[in-house]
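> got a sequence here, can you model it:
(2 chains)
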Amino acid sequence: AQKVTQAQTEISVVEKEDVTLDCVYETRDTTYYLFWYKQPPSGELVFLIRRNSFDEQNEISGRYSWNFQKSTSSFNFTITASQVVDSAVYFCALSEVNDYKLSFGAGTTVTVRA
Amino acid sequence: DAEITQSPRHKITETGRQVTLACHQTWNHNNMFWYRQDLGHGLRLIHYSYGVQDTNKGEVSDGYSVSRSNTEDLPLTLESAASSQTSVYFCASSESRDSTEAFFGQGTRLTVV
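Purely as a prediction, here's the structure:
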């Protein structure tokens, strides 16, 4: 069975600081998919990024970047130059091949102070 | 625009009552899911469906049931509401394609008193 662990419960930063969110996962599949979702104070869940297990290239998209390391089963997410609007709960999630349901971590609450 | 909607958004019910939460999507997705969100647990899967007439139990299915009679709807029923079922419930849908993201409804806050 798959499992996703987000060890950081809360992170508080001052605006313009970088924030890195940790995610560690367990799965027996060799092919799987990793996601990050954002839940702002309004409560909806917003998809941010996805990564396939067979593609370890790290990417940057605007102020977001992610570091996928299969060797350590980690999928960390960084927000560069944080803004107050980045304040939210961030969830890491995993799905396995041919199995579309998501397993979520417990979430990390990010507070960005002006 | 395609969307996924949940109703009601807020519900207060009494212990022992049967409650049904509605979920309707216009994405024409085969996959639909129900999750509950509780502090410290993230989102946990209750039930899911990969097509009409298909339903499956998730990790926290006790006390809940679903039925899938068409593509658009997956209602979630609490057979006899308990205080432990006080939570925020999210419905989601996705395509039957690996790596696809799920689209979530706005959530239903259920309080059982």
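> could you show which parts of chain A are in contact with chain B?
A:4, A:6, A:31, A:33, A:35, A:43-45, A:47, A:50, A:52, A:91, A:95, A:97-98, A:100-107 (Cβ under 8 Å from any Cβ of the partner chain). Just so you know, the C-beta spots here come from the backbone N, C-alpha and C atoms, and that holds for glycine as well.
> now which of those would you call buried?
Using 16 or more other Cβ atoms under 10 Å in any protein chain shown as the burial test, the residues of chain A next to chain B include A:4, A:6, A:33, A:35, A:45, A:91, A:95, A:100-107 as buried.
> so which of these sits lowest on pLDDT?
The lowest pLDDT within those belongs to residue A:100, which sits at 90.
> is it correct that it is in contact with residue B:93?
No: judged on Cβ atoms under 8 Å, residue A:100 makes no contact with residue B:93 at a distance of 9.9 Å.
> joint contacts of the two?
Contact criterion Cβ atoms under 8 Å, 6 or more residues apart in numbering or on different chains; residues shared by residue A:100 and residue B:93: B:31, B:102.
> list the buried residues of the strand or helix carrying residue B:33.
Using DSSP states H and E, residue B:33 falls within strand B:31-38. By 16+ other Cβ under 10 Å, the buried positions in strand B:31-38 come out as B:31-37.
> tell me which residue is most central in chain B.
The centre of chain B sits closest to residue B:34, judged by Cα atoms, centre = their mean, with a distance of 2.8 Å.
> and the strands in chain B?
B:4-7, B:10-13, B:19-25, B:31-38, B:42-51, B:54-57, B:64-66, B:76-78, B:87-94, B:103-104, B:108-112 (DSSP state E).
> run through the residues that contact residue A:30.
Listed by Cβ under 8 Å, 6+ apart, the contact partners of residue A:30 are residue A:53.
> same question, residue B:3
Listed by Cβ under 8 Å, 6+ apart, the contact set of residue B:3 reads B:25-27.
> so how far is residue B:27 from it?
Per Cβ to Cβ, to the nearest Å, residue B:3 is found 8 Å from residue B:27.
> cool, residue A:41 as well?
Distance from residue A:41 to residue B:27, by Cβ to Cβ: 26 Å.
> ok, these two, which is more surrounded?
Comparing residue A:41 with residue B:27 by other Cβ atoms under 10 Å in any protein chain shown, the one with more neighbours is residue B:27, at 17 against 7.
> isn't that one right up against residue B:4?
Yes: between residue B:27 and residue B:4 there is a contact at 6.8 Å, judged by Cβ under 8 Å.
> return the distance of the helix-or-strand element of chain A with minimal mean pLDDT from the chain's centre.
Lowest mean confidence among the helices and strands of chain A (mean pLDDT, DSSP states H and E): strand A:59-61, at a mean of 77. Between the centre of strand A:59-61 and the centre of its host chain there is 13 Å, according to Cα atoms, centre = their mean, to the nearest Å.
> cool, stretch B:34-45 as well?
In terms of Cα atoms, centre = their mean, the centre of stretch B:34-45 is set 11 Å apart from its chain centre.
> so, in contact with chain A or not, it?
Yes: Stretch B:34-45 lies within reach of chain A by Cβ under 8 Å from any Cβ, at B:35, B:40-45.
> hmm, who's touching that stretch?
A:4, A:6, A:45, A:91, A:101-107, B:21, B:23, B:33, B:46-48, B:58-60, B:64, B:66, B:74, B:76, B:85, B:87-92, B:107.
> need the overlap of contacts for residue B:27 and residue B:4.
By Cβ under 8 Å, 6+ apart, the residues touching both residue B:27 and residue B:4 are B:93, B:103.
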